[in-house]
Every structure is written in C-alpha cells, then in structure tokens.
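>>> A predicted structure for the sequence below; I have some questions about it.
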Amino acid sequence: MVVAACSSSPVLSVPGSNTSLSVSRGCEHLSQHQYEVCNAYLVNDSLLARVPYYEVGRQPALGPLALTRLKSRYYGAAGRFIIGQTKGWPRQVDVSVPSIRIVGAVTVSANLATATINTIETWLVRAEPKAGSKFGRVLFAETNAHHAISLEVSNR
C-alpha cells in the first residue's frame, strides 16, 4: 500500500542533498495509520518529491526524474498546481529548509482509502543570487501557512 498526496525538532536530510526538513511535533506521537499518513506526507511527498522538484525540476539531466517523482506523489490539481507554480523559474534555485508542523488530528477513513492531515508550513525558494548579491529574488515564500492536505491510498 502506498499513500500519496494531492513537531523538539528532529531534522531529516535528503540523501545526497544538503537540504533538510525541519519537523515540529513529528510523526512519532501518532500510531498505526495516522503515523503512516504523517510520514508519507512529510518524507515521501515533501522531502523526497516536492523539495527535489523545486531544486532540479528545470534542469535537463535531473528535471525529468524529479518530475516523475513529483507526479507519483502529487496528482490531479495538487500536481498541476506545483508544476504551474514553477513555470518561469530559473534552472538554479536555492530551497531553504522547509518547516512543516502537523497540527490537530490526522484522520484516516475507515476503509483506509483517504486521509486528511493539517499542517502549518513555511517554505522559501529563491533564485540563485547574482554576482555580488547575497540573496536571489524570492520565487515562492509562505510563512506559517495553514494547509489541509487530502491524501489517497493508491496501489500504483
């Protein structure tokens, strides 16, 4: 069974990357299916699909792989939103460590087909800075944005 999408602060790192995910009130306090849903969103959807797509999605060599991974985790309106969001972004971007806090209950349907998770998220993506500049222009930023994430169980 694969769960797909659309916290003390342990830090999770992306293998082979310098990007980490700050998780407040992580998944460890949850049990069984709620834990699986939480972990699927934080790690599989955000850390292993969305962050890499933001980082390398427009690069010729790595972009197609990042897009395939993103589409395997975010489909329908969620996938179209993220892909559309990055249109016009330069190839090289700086993705700051996202902060994702799980708030409230993680609900899973009785038949385990759907779930909802509520988060408060902070993201910052900038273009690479130009020579002589400390920071690049902001491409995407949200601070303490509340999200209700709907997830579906898929056997894809």
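Perfect, thanks for sending it. Numbering: from 1, shown residues only.
>>> please count neighbours and contacts with C-alpha atoms only from this point.
Noted.
>>> name the residues of stretch 91-105 that are buried.
92-103 (16 or more other CA atoms under 10 Å).
>>> report the distance from stretch 85-100 to the chain centre.
Stretch 85-100 sits 11 Å away from the centroid of its parent chain (CA atoms, centre = their mean, to the nearest Å).
>>> C-alpha coordinates for that stretch, CSV please?
Below are the C-alpha coordinates for stretch 85-100, written out as CSV (Å, rounded to 0.1, in the frame of the first residue of the first chain):
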residue,chain,number,x,y,z
GLN,A,85,4.0,27.3,-9.7
THR,A,86,7.5,26.6,-11.0
LYS,A,87,6.9,27.7,-14.6
GLY,A,88,9.3,30.5,-15.3
TRP,A,89,11.6,29.7,-12.5
PRO,A,90,15.3,29.6,-13.4
ARG,A,91,17.2,26.4,-13.5
GLN,A,92,19.3,27.1,-10.4
VAL,A,93,17.4,27.9,-7.2
ASP,A,94,18.1,27.8,-3.5
VAL,A,95,15.5,25.9,-1.5
SER,A,96,15.6,26.8,2.2
VAL,A,97,14.9,24.2,4.8
PRO,A,98,11.1,23.9,4.9
SER,A,99,9.3,23.8,8.2
ILE,A,100,6.3,21.6,8.4
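>>> quick one on the thing from earlier: lowest pLDDT pick from the buried residues of stretch 91-105?
Least confident entry in the buried residues of stretch 91-105, by pLDDT: residue 97, with 86.
>>> can I get the buried residues of stretch 91-105 in JSON lines including distance to residue 68 and secondary structure?
Formatted as JSON lines, the buried residues of stretch 91-105 follow (distance: CA to CA, whole Å; DSSP: H, G, I helix; E, B strand; the rest coil):
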{"residue": "92", "distance to residue 68": "19", "secondary structure": "coil"}
{"residue": "93", "distance to residue 68": "19", "secondary structure": "strand"}
{"residue": "94", "distance to residue 68": "21", "secondary structure": "strand"}
{"residue": "95", "distance to residue 68": "19", "secondary structure": "strand"}
{"residue": "96", "distance to residue 68": "22", "secondary structure": "coil"}
{"residue": "97", "distance to residue 68": "22", "secondary structure": "coil"}
{"residue": "98", "distance to residue 68": "21", "secondary structure": "coil"}
{"residue": "99", "distance to residue 68": "24", "secondary structure": "strand"}
{"residue": "100", "distance to residue 68": "23", "secondary structure": "strand"}
{"residue": "101", "distance to residue 68": "26", "secondary structure": "strand"}
{"residue": "102", "distance to residue 68": "26", "secondary structure": "strand"}
{"residue": "103", "distance to residue 68": "29", "secondary structure": "strand"}
